[in-house]
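Colleague: Could you look at this predicted model? Sequence included:
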Amino acid sequence: MVRGRRDGIVIAGGGLAGCLAAMALARFRPDVPFLIVEEGERFGGERYRLFADADLDDDQRDLVSPLVSERWAGFYLAFPGYSRKLRDEMSGIAAGELHAEMVASLDPKHYRLGTKVVAVRDDALVLDGGETIKAEGAIDARGAANLSTLELLYETSVEREYRLPAPHRVDRPVLIDANVDQAGGLRFMRCVPLAEDRLLVADVAISERAQADEQAGARLEDYMAARGWRTEAVTAERSIVRPLPMGGDFSAFWRLGGARVAKLGLRGGFVHPATGATIADAARNALLLADQKDFSGAALHDLFAAEARRLWSKRDHLRAITAALAAEAPEQRRSLAESLARLDPGLIARLRADRLGLLDRRRLQKTLKGG
């Protein structure tokens, strides 16, 4: 897209939401010029993404499927004295897969890496150094910005990828292993088998704290030792923070960072309030964008602002889960999480996929009240 032209779309931010939007345009709307601008040297960051296949509908899975690097027949949940295996199929997107797919599937004229965006207008990106890239419409997908108008808990995690000298024998992801010390709030380990001798292990906490604490690395080493897993090498390590909304002024949040600018991903509040997942919203919004006829900044803003408001209103029952955790004393939060883990498998799947029916909501409310 040539600087100064006013056709097509410019997208700020090459995370999951921005990349899926660009992929959908490239696949379904080759008639629409676009440019995606990412500050880093790679798209998608370095985190590993795990999701249940049922979280997505058929069209969304089709969009995401080129990114998937691992699949499993289900997952485990474990608490003191209680564990279960659920059969919902899971998929994983390895760090680097998003970047590889973007570079392989997009014409180089459609992206710029290593370029910082300092401001997004409804029809332009302003780059560090003063360059302005104009278009018919612009989208801000740079990640979470000012969250001060929202009431939040946070899921913080430190995850490491380990190479082991022998098979670890984990056959599917362990989404929650809460057989660990609960100091500071709900805490658990998450294990994802990447190969028979490679394992991703994350120390995860859900609390009011927005940063992982300095003891996470030591807890990971203790957990590996307790499970009898000798380590040959740590091949990657990263810290991740995901906001879990439970209330607040969502309209004010959406106005922050540009009252008339279209926003995707965490920048637009597109997140599952109970799990912190963003992939379903990112895929849905990417397909909405590809179906759009009017790509003016005002039309894009109205499209995604309306979708954000719709989901915020619909998800009050999901925010209630986060609010219930926040209301518990930190040392009691594991008990509530276990009560949720004991729900009917179908209900758990529908909760994760944001497809709860009326009876599901009533059962969820009863569980949150201790029934």
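Modeller: Ah, there it is.
Colleague: Of all the residues in stretch 324-344, which ones are buried?
Modeller: Within stretch 324-344, the residues that qualify as buried by neighbour count (16 or more other Cβ atoms under 10 Å) are 324-326, 330, 333-334, 336-341, 343. The way it works is simple: take the backbone N, C-alpha and C, and place the C-beta from them, glycine included.
Colleague: which residues are in contact with stretch 353-369?
Modeller: Here stretch 353-369 makes contact (Cβ atoms under 8 Å, 6 or more residues apart in numbering) with 52, 54-55, 272, 280, 314-315, 317-318, 320-321, 324, 336, 339-340, 343-344, 347, 350-351.
Colleague: From those residues, which land in strands?
Modeller: When DSSP state E defines the strands, the subset of the contacts of stretch 353-369 inside them is A52.
Colleague: could you give the mean pLDDT of stretch 305-317?
Modeller: The average pLDDT for stretch 305-317 rounds to 97.
Colleague: chain center to it, what's the gap?
Modeller: Using Cα atoms, centre = their mean, to the nearest Å, the mean C-alpha position of stretch 305-317 is found 17 Å from that of the whole chain.
Colleague: Spatially, which two of the buried residues of stretch 324-344 are the most separated?
Modeller: Based on Cβ to Cβ, the longest span within the buried residues of stretch 324-344 runs between P330 and L343 and measures 22.4 Å.
Colleague: Among the buried residues of stretch 324-344, which one lies nearest to M246?
Modeller: Taking Cβ to Cβ as the measure, A326 is the one of the buried residues of stretch 324-344 closest to M246, at 6.1 Å.
Colleague: And that closest one, what's its pLDDT?
Modeller: 95.
Colleague: any idea how far it lies from P243?
Modeller: A326 is 13 Å from P243, where distance means Cβ to Cβ, to the nearest Å.
Colleague: Which neighbours do the two have in common?
Modeller: Common neighbours of A326 and P243 (criterion: Cβ under 8 Å, 6+ apart): L153.
Colleague: quick one: buried residues of stretch 64-72?
Modeller: Taking 16+ other Cβ under 10 Å as the neighbour-count basis, stretch 64-72 is seen to contain the buried residues V64, L67, V68, E70, W72.
Colleague: Any stretches of the protein with poor pLDDT?
Modeller: Residues of the chain meeting the criterion pLDDT under 70: 1-6, 257, 371.
Colleague: what about the helices in it?
Modeller: For the chain, the helices identified by DSSP state H occupy 16-28, 58-64, 97-105, 216-226, 250-255, 279-291, 297-314, 316-327, 333-341, 345-352, 358-368, in order along the chain.
Colleague: Buried deepest among those helices, which one?
Modeller: Per residue and on average, the most neighbours among these fall to helix 16-28, with a mean of 24 (mean count of other Cβ atoms under 10 Å).
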